[in-house]
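J.: Sequence and predicted structure are below.
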Protein chains: 2
Amino acid sequence: MGIGDDCAVLKPTPNQHFYISTDTSIAGVHFFADDDPWSVGWKALAVNLSDLAASGATPVGFTLNLSLPRMDAAWLAAFSQGLLRQAELANCPLVGGDTTSTQPDSPLLVSITVFGERHCDANRLARSAAQEGDQLWVTGIPGLARLGLLQRYEQLGRLPNLLDKPKQALFRQTWAALPTPLQQQAFTRLTRPDIRSQFALQASVWMHAALDLSDGLSGDLQHIAQASGKTLLLHASSLQAIWGGVLGSNQDVFSPSVSNFLLETSLIGGDDYELCFTAPPSHAEALLDLAKSMQIPLCVLGQVQASKSLAHGVVIQDKKGQETALRSNSYNHFGP
Amino acid sequence: MGIGDDCAVLKPTPNQHFYISTDTSIAGVHFFADDDPWSVGWKALAVNLSDLAASGATPVGFTLNLSLPRMDAAWLAAFSQGLLRQAELANCPLVGGDTTSTQPDSPLLVSITVFGERHCDANRLARSAAQEGDQLWVTGIPGLARLGLLQRYEQLGRLPNLLDKPKQALFRQTWAALPTPLQQQAFTRLTRPDIRSQFALQASVWMHAALDLSDGLSGDLQHIAQASGKTLLLHASSLQAIWGGVLGSNQDVFSPSVSNFLLETSLIGGDDYELCFTAPPSHAEALLDLAKSMQIPLCVLGQVQASKSLAHGVVIQDKKGQETALRSNSYNHFGP
């Protein structure tokens, strides 16, 4: 129905299930209050589309709740442009919402709820669907967004909020050695992530468990391990090879401690909105071909194994074959 | 899918359209920060169910976005109880959501998105569907929630924020003369409104235009008049008769100025979440019978007429037959 009516009305496609996901973005928590509004709008929808993608659902529309401490027409115009550009690319129209004013000292807040469809007979990409023998896959460069975030904190003089002194030094050394295009890519991944929607849709038939990397690899993998009752074996060398691939000859300047810093960044860095999934090895070739045709980086990180203990979990294996249980360091909103 | 998965999945009923509505409730704007949390939870869902009801849709589920400045387990427990009690009564389960922490000085914020279904061949209760000759109906006592709100402001010593001096005196005179059960009903309507969902569902086949009274009668009626391109003629005597009905013999103590104050309260009072709709006179008896069987107060307020001018609008007629164009005084979030 039109703007102003009480409800939006969607006509479900026959034999499709209806998928719903919702996420809130808050100034000062999920984005910097002075972030450019185009990116804030883009990302607020993107993080929701990422959940649909990880469920293999095709977007059909979204609603928007906007809470504004003040009316800033220029900010709103740019925000809307970024939001609606993402909506247009995803073929996901705005179908409803509300706008409310809050106290002048309140943070700006964006809640978005997205709707999607997936055939009722299609496989469910639940976190609990990982099977023994599956390979563990990831798109893109896990941790890249965190490098962008750390540099934003550095620019704001707030890096000590996130890293202790030795790690600050390691980060500065790392950042300085990154090729400029990769630095730019890190900022883009942080503020205007491209969601792997098309790849996810087409590849979903080959996947078992899937999720989007929003909390960080180590935390998100725990979710799959716990829900599926399996152990996930992660090869440190696979993550380091991803960095090696993008750094090329630059990696020669890196010390082992910088290399470890990048590995740790990959494990704890949230906000990547890359796709992480498990699939049987028989589909490996098809997955790699599809990713290549879409120019999407895709790598195997490890395998799904029978659970080694009652505490299902994630194990990381170094190049000497040494295995270490990985603790969840994902972002916890009310953690210490 | 389970808690923690990226999406909720709903299975649409064949031949039903999918209805979506969303509303945000903010501490200090939509409720008092010290309101009892049970009521805050109840009302946050109720105001959304009210939109579904006004569209004739049957609830199927909702998502919740909660933004909390701090973790208060007791508050959250009571909030959840009120929310889930309303959800249980409406047969509308929580299917997903997220919880985020905000700065300690930020207001608590609740965004809810509700989903409902209505048969694809059923009439659309759009604001634009009012037809010439329709009667204009309202459930309950428009303005009752505002009396509760004014008394809350009085208790907080903030009545001058809402009313000028002469009106403050009129309000105090009015409130003091209200029977105690009606005073309690005013608070209940403000904080724990019962939504007219069952009545709306059954009566929807007889309705043309419909909406829920969230912004106040004068503003909400303008929405119907504008969208339908009609003039709505409102009888002041009908609104006064509603008050007369609930005040009984108490109304004898009221001066004409108090009576006018109640009339004005009915016109500008938002937050009632009563149902307002138009329907052909041929259905009047069926509507009244249904309302009676459900013990829901239901009254005709006026008629839908051909538009008298290019500026479609709302006209109020006093007992002498004098007509006055009614200006919209509904709540405007960014108004002066």
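T.: Received the coordinates, thanks. The structure displayed is predicted, hence computed values, not measured ones.

J.: The stretch 151-300 of chain A: strands as residue ranges?
T.: Using DSSP state E, counting those that start in this stretch, the strands of the stretch 151-300 of chain A run over residues A:210-212, A:230-235, A:275-279, A:298-306.

J.: Can you check which of those strands gets nearest to B:T113?
T.: strand A:210-212 (20.0 Å; CB to CB). Backbone N, C-alpha and C define where each C-beta goes, glycine included.

J.: which parts of stretch A:77-89 are buried?
T.: By 16 or more other CB atoms under 10 Å in any protein chain shown, the buried positions in stretch A:77-89 come out as A:78-80, A:82-83, A:86-87.

J.: what does it contact?
T.: With CB atoms under 8 Å, 6 or more residues apart in numbering or on different chains as the test, stretch A:77-89 has contacts from A:36-46, A:49, A:62, A:64, A:93-94, A:192.

J.: Need the buried ones from these selected in PyMOL.
T.: To isolate the buried ones among those in PyMOL, judged by 16+ other CB under 10 Å, type:
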select buried, chain A and resi 36+37+38+39+40+41+42+43+44+45+46+49+62+64+94+192
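
J.: so which of the strands of the stretch 151-300 of chain A gets nearest B:A74?
T.: strand A:210-212 (32.7 Å).

J.: Parallel or antiparallel, list what pairs with the closest one.
T.: The pairing partners recorded for strand A:210-212 under DSSP bridges are strand A:275-279 (antiparallel).

J.: thinking again about what came up before, which of the buried residues of stretch A:77-89 fall in helices?
T.: Among those, DSSP state H puts A:78-80, A:82-83, A:86-87 in helices.

J.: then stretch A:56-63 to CSV, C-alphas only?
T.: C-alpha atoms of stretch A:56-63 as CSV (Å, rounded to 0.1, in the frame of the first residue of the first chain):
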residue,chain,number,x,y,z
GLY,A,56,20.5,-18.5,0.4
ALA,A,57,17.5,-16.2,0.2
THR,A,58,16.6,-13.8,-2.6
PRO,A,59,15.8,-10.3,-1.3
VAL,A,60,12.3,-9.0,-1.8
GLY,A,61,12.1,-5.9,0.3
PHE,A,62,13.1,-4.1,3.6
THR,A,63,11.7,-1.8,6.3
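
J.: Excluding chain neighbours, what is closest to A:V258?
T.: Excluding its sequence neighbours, the residue lying closest to A:V258 (CB to CB, 6 or more residues apart in numbering or on different chains) is A:T174, at 5.3 Å.

J.: what about that neighbour, neighbour count?
T.: Applying other CB atoms under 10 Å in any protein chain shown, we find 24 residues neighbouring A:T174.

J.: Show the contacting residues for it.
T.: Counting by CB under 8 Å, 6+ apart, A:T174 makes contact with A:147, A:254, A:258, A:261-262.

J.: can you list the strands of the stretch 151-300 of chain A in CSV and add distance to A:D105, mean neighbour count and mean pLDDT?
T.: Output for those, formatted as CSV (distance: least, CB to CB, whole Å; neighbours: other CB atoms under 10 Å in any protein chain shown; pLDDT from 0 to 100):
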stretch, distance to A:D105, mean neighbour count, mean pLDDT
strand A:210-212, 33, 26, 94
strand A:230-235, 44, 22, 94
strand A:275-279, 38, 26, 97
strand A:298-306, 44, 19, 96
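
J.: quick one: which of the buried residues of stretch A:77-89 is nearest A:L326?
T.: A:Q86 (32.9 Å).

J.: What separation is there between the closest one and chain B?
T.: Between A:Q86 and chain B the computed distance is 18 Å (CB to the nearest CB, to the nearest Å).

J.: what do you get for A:T22?
T.: Distance from A:T22 to chain B, by CB to the nearest CB: 5 Å.

J.: check which helix or strand covers that residue.
T.: If you go by DSSP states H and E, A:T22 is part of strand A:16-26.

J.: can you give me the offset of whichever helix or strand comes after that strand from its chain's centre?
T.: Per DSSP H and E, the first helix or strand lying C-terminal to strand A:16-26 is helix A:37-54. Centroid separation for helix A:37-54 versus its chain: 10 Å, with CA atoms, centre = their mean, to the nearest Å.

J.: after helix A:37-54, next one along is what?
T.: Downstream of helix A:37-54, the next assigned helix or strand under DSSP H and E is strand A:58-68.

J.: Just name whatever secondary elements that next one is in contact with.
T.: Under the contact definition 3 or more CB pairs under 8 Å, 6 or more residues apart in numbering or on different chains; DSSP states H and E, strand A:58-68 sits against strand A:8-10, helix A:37-54, helix A:73-89, strand A:94-101, strand A:109-119, strand B:16-26, strand B:109-119.

J.: Report the mean per-residue pLDDT for stretch A:156-171.
T.: Mean pLDDT, computed over stretch A:156-171, is 94.

J.: typo on my end, stretch A:312-326
T.: Mean pLDDT, stretch A:312-326: 87.

J.: What residues sit buried inside it?
T.: Within stretch A:312-326, the residues scored as buried using 16+ other CB under 10 Å are A:312-317, A:326.

J.: ok, now stretch A:8-17?
T.: By 16+ other CB under 10 Å, the buried positions in stretch A:8-17 come out as A:8-10, A:12, A:16-17.

J.: Wondering if that stretch reaches chain B at all.
T.: Yes: on the criterion CB under 8 Å from any CB of the partner chain, stretch A:8-17 is in touch with chain B at A:8-12, A:14, A:16-17.

J.: And that stretch, end to end?
T.: Its start and end residues considered, stretch A:8-17 measures 18 Å (CA to CA, to the nearest Å).

J.: Need the residues that contact that stretch.
T.: A:1, A:18, A:60-61, A:63, A:95-96, A:115, A:117-121, B:9-12, B:14, B:16-21, B:55, B:118, B:120, B:124.

J.: Go ahead and measure how far that stretch is from the middle of the chain.
T.: Here stretch A:8-17 is found 27 Å from its chain centre; the criterion is CA atoms, centre = their mean.

J.: and for stretch A:179-198, what are the contacting residues?
T.: A:31, A:35-36, A:39, A:42-43, A:46-47, A:49-50, A:52-53, A:59, A:82, A:90, A:139-141, A:144-145, A:147-149, A:151-152, A:175, A:178, A:246-248, A:250, A:271-275, A:294, A:296.

J.: Quick check on the residues you listed: which are buried?
T.: Judged by 16+ other CB under 10 Å, buried ones among the contacts of stretch A:179-198: A:31, A:36, A:39, A:42-43, A:46-47, A:49-50, A:52-53, A:59, A:82, A:90, A:139-141, A:144-145, A:147-149, A:151-152, A:175, A:178, A:246-247, A:271-275, A:296.

J.: what about A:K167, how many neighbours?
T.: A:K167: 18 neighbours (other CB under 10 Å).

J.: likewise A:L262?
T.: A:L262, neighbours per other CB under 10 Å, totals 26.

J.: Could you list the low-confidence segments of the stretch 151-300 of chain A?
T.: Judged by pLDDT under 70, the stretch 151-300 of chain A has its weakly predicted residues at A:251-253.

J.: need the residues of it near chain B, please.
T.: Residues of the stretch 151-300 of chain A found near chain B (CB under 8 Å from any CB) are A:211-212, A:223, A:227.

J.: With distance to A:P280 as extra columns, can I get those in JSON lines?
T.: Below are these laid out as JSON lines (distance: CB to CB, whole Å):
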{"residue": "A:L211", "distance to A:P280": "18"}
{"residue": "A:D212", "distance to A:P280": "21"}
{"residue": "A:H223", "distance to A:P280": "20"}
{"residue": "A:A227", "distance to A:P280": "18"}
